[in-house]
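Colleague: Here is my input, please return the structure:
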Amino acid sequence: MKNRVGTGLKRWHFLDALVLGLLTLYILLGVQSVPFHGDEAMQITMSRDYFTAFVHRQPAALLVSPPYTIDSEPWLRLINGSVNRFAEGLSLHLSGYDESHLPSLWQWPLSYEDNVAQGNRPSAPILYSSRLPSALFLAASSIIMFAIGWTFGGRLTAYLAILIYTLNPIILLNGRRAMMEGSLLCFGLLTILLAIHISRGRQDWRWWLALSLSAALTLASKHSGIVFVASAFSWLILAALFDHLKQNRTLRLPYPLLLKTGTSLLFTFSLFTLFSPALWNNPLDRFGDLLSERQQLLEAQVQAEPTAPTSLTDRLTGILTQSFLSQPFYYEAAFWANSAEIRAEITGYEASGLAGITPTPILGFILTLFAGMGLLSLIQVRQSWQWGLVCWLLITTASLLINPLPWQRYYLPLIPVMALCAAFGFSRLTDRWLQRRSST
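Modeller: The predicted structure follows:
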């Protein structure tokens with residue numbers, strides 16, 4: 001009997017590994033054909049920071065101070081995350097390239113064709129080598145998504161969550177590019193997974209240390225990763241509140257949890273500073289500069305974007321439709337639609353079979369319905385730690401409600417939580433159906 005059980009488990013584990021491996025292969029196969037975005041050129045140009053710090057061993061050259069000039073290297077270093085550009089630099093270095101192969105900074109006021117004429121678009125080999133780290137981060141995020149689904153609802157939830165998440169065309173498009181989204185999703189989801197395990201009783205200090213490290217890497221990947229970090233720590237606090245309410249009938253947080261949470265947050269921001277060279281020179285002042293420059297950039301983007309600021313209705317509509325009902329947006333600058341080369345790249349990518357599952361109204365409606373069912377199912381769960389999913393969704397949607405820009409990339413953090421809700425909703429519905437069938 002034991003041999004049969006062991007054989008059955010091995011078969012399941014083999015299937016799990018096979019599915020994860022095939023999805024990773026699917027992600028990597030689409031790296032070369034994904035349409036180009038101007039921000040990729042900027043990230044690749046800024047990967048020279050890797051060569052400055054680790055090849056020439058001059059990390060002090062990465063320090064910044066005001067005044068800042070828009071689109072200058074100090075300004076870009078300040079307002080962007082550092083993980084991706086260092087990962088790109090390492091990938092290029094291992095591929096045999098150096099700074100002389102990097103393109104000049106992309107000039108957004110110029111047309112696509114003018115930028116290409118000036119040599120601002122990376123060559124195909126440089127672009128491919130630079131995209132690999134983000135694609136690998138994306139593949140890792142899919143495995144982490146599988147683990148989150150497994151922890152939350154077992155094997156069925158895990159399979160559904162990873163398929164809905166990984167085959168989402170918006171996730172694939174942005175995660176494959178040489179941009180910050182791959183590492184953001186990887187470390188953001190890892191932070192959520194660690195918070196789930198801690199809320200389920202893994203209170204050893206090593207789990208809290210891993211949480212701080214992952215949260216810091218999330219923020220250093222892209223500053224908007226604060227959504228994942230806030231969701232993870234809120235998940236911990238909510239689970240503790242519910243546990244305390246069950247045991248003592250009072251809504252109070254135990255002192256040890258408050259101490260661990262405060263220490264973990266302090267360590268998170270200390271590590272974030274360590275991973276962000278632009279903050280090394282007087283961190284408090286540079287952090288103030290970061291907030292100020294970010295605010296000015298947002299105001300400039302709102303003024304430049306014809307559809308901004310978006311109305312509350314548009315933001316609510318985006319929250320309901322961007323996960324499962326919207327087609328991928330390949331560029332934010334409308335004048336890119338005039339480029340024949342970019343249109344050809346989009347057509348080729350969509351025809352390759354590697355762009356994910358094309359959203360349709362019927363499929364999108366079904367997935368959105370299951371996501372709603374998943375949230376409603378939380379009413380019946382007895383494990384208080386599972387209620388953290390509500391925190392994750394509320395914090396993510398709140399961040400989108402205050403964002404005046406309609407750009408699709410800002411909705412990326414919403415897709416994994418909606419995928420988990422949909423997977424959980426379907427698995428709960430399946431469980432009920434099986435229970436009714438067995439009772440009749």
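Colleague: I would like the residues contacting stretch 268-279, please.
Modeller: The contact list for stretch 268-279 (C-beta atoms under 8 Å, 6 or more residues apart in numbering) reads 49, 53, 59, 62-64, 74, 77-78, 81-83, 211-213, 215-217, 219-220, 229, 280, 283, 286-287, 290. Where C-beta positions appear, they are placed from N, C-alpha and C, glycine not excepted.
Colleague: now swap in stretch 139-151 and tell me
Modeller: So stretch 139-151 is in contact with 16, 20, 23-24, 27-28, 157-162, 165-166, 175, 182, 185-186, 188-190, 192-193, 196-197, 200, 416, 419-420, 423-424, going by C-beta under 8 Å, 6+ apart.
Colleague: what do you get if the cut-off is 6 Å, keeping everything else the same?
Modeller: Contacts with stretch 139-151, where a contact means C-beta atoms under 6 Å, 6 or more residues apart in numbering, come from 20, 23-24, 27, 157-158, 161-162, 165-166, 185-186, 189-190, 193, 196, 423.
Colleague: quick revisit: can I have the buried ones of the contacts of stretch 268-279 as a PyMOL selection?
Modeller: Buried members of the contacts of stretch 268-279, defined by 16 or more other C-beta atoms under 10 Å, are picked up in PyMOL with:
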select buried, resi 49+53+62+64+74+77+78+81+82+83+211+212+213+215+216+217+219+220+229+283+286+287+290
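Colleague: Inside helices: which ones of the contacts of stretch 139-151?
Modeller: 20, 23-24, 27, 157-158, 161-162, 165-166, 185-186, 189-190, 193, 196, 423 (DSSP state H).
Colleague: Stretch 393-402 - what's its average pLDDT?
Modeller: The average pLDDT for stretch 393-402 rounds to 96.
Colleague: Need the CA coordinates for that stretch. PDB is fine.
Modeller: Extracted as PDB, the C-alpha positions of stretch 393-402 are listed here (Å, rounded to 0.1, in the frame of the first residue of the first chain):
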ATOM      1  CA  LEU A 393      -6.900  43.000  -3.100                       C
ATOM      2  CA  LEU A 394      -8.000  46.100  -1.300                       C
ATOM      3  CA  ILE A 395      -4.500  47.700  -1.100                       C
ATOM      4  CA  THR A 396      -3.900  46.900  -4.800                       C
ATOM      5  CA  THR A 397      -7.200  48.400  -5.900                       C
ATOM      6  CA  ALA A 398      -6.700  51.400  -3.600                       C
ATOM      7  CA  SER A 399      -3.400  52.200  -5.300                       C
ATOM      8  CA  LEU A 400      -5.100  52.100  -8.700                       C
ATOM      9  CA  LEU A 401      -7.900  54.300  -7.600                       C
ATOM     10  CA  ILE A 402      -5.500  57.100  -6.700                       C
END
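Colleague: Just the buried ones among the ones in helices among the contacts of stretch 139-151, please.
Modeller: 20, 23-24, 27, 157-158, 161-162, 165-166, 185-186, 189-190, 193, 196, 423.
Colleague: Tell me how many other residues crowd Q296.
Modeller: 13 (other C-beta atoms under 10 Å).
Colleague: Grab the most central residue of this protein for me.
Modeller: Geometric centre of the chain, nearest residue: L185, 2.3 Å, by C-alpha atoms, centre = their mean.
Colleague: Show the contacting residues for that residue.
Modeller: Contact analysis of L185 by C-beta under 6 Å, 6+ apart lists S141.
Colleague: What score does it have for pLDDT?
Modeller: L185 carries a pLDDT score of 98 in this model.
Colleague: so is the nearest residue to Q386 once chain neighbours are set aside in a helix, a strand, or just coil?
Modeller: Nearest-residue entry for Q386: L378, 6.2 Å, with adjacent residues in sequence omitted and distances by C-beta to C-beta, 6 or more residues apart in numbering. L378 falls in the helix class when you classify it by DSSP: H, G, I helix; E, B strand; the rest coil.
Colleague: For burial, what's the neighbour tally of L378?
Modeller: Using other C-beta under 10 Å, L378 has 17 neighbouring residues.
Colleague: how close does I342 get to A239?
Modeller: Distance, I342 to A239, using C-beta to C-beta, to the nearest Å: 46 Å.
Colleague: between these two, who's got more neighbours?
Modeller: Neighbour tally, I342 and A239, criterion other C-beta under 10 Å: the higher count belongs to A239, 24 against 18.
Colleague: wait, the more buried one sits on S199?
Modeller: Yes - between A239 and S199 there is a contact at 3.8 Å, judged by C-beta atoms under 6 Å.
Colleague: Between the two, which contacts overlap?
Modeller: Shared contacts of A239 and S199 (C-beta under 6 Å, 6+ apart): W385.
Colleague: And the helices in the stretch 201-350 of the chain?
Modeller: With DSSP state H, counting those that start in this stretch, the ranges of helices along the stretch 201-350 of the chain come out as 205-221, 226-248, 255-274, 283-304, 312-321, 340-351.
Colleague: Not counting sequence-adjacent ones, nearest residue to L257?
Modeller: A240 (5.0 Å).
Colleague: My error: substitute I192 in the last question.
Modeller: Once flanking residues are discounted, I192 sits nearest to A232: 5.4 Å by C-beta to C-beta, 6+ apart.
Colleague: any idea how far the one you found is from L193?
Modeller: To L193, A232 is 9 Å away according to C-beta to C-beta.
Colleague: same question, Q301
Modeller: 32 Å.
Colleague: related to what we said a few turns ago, and for the residue nearest to L257, the neighbour number?
Modeller: A count of nearby residues for A240, using other C-beta under 10 Å, gives 21.
Colleague: And D39, by the same measure?
Modeller: As a measure of burial, D39 has 19 neighbours, counting by other C-beta under 10 Å.
Colleague: my guess is it contacts M179, does it?
Modeller: Yes - D39 is in contact with M179 according to C-beta under 6 Å; the separation is 5.5 Å.
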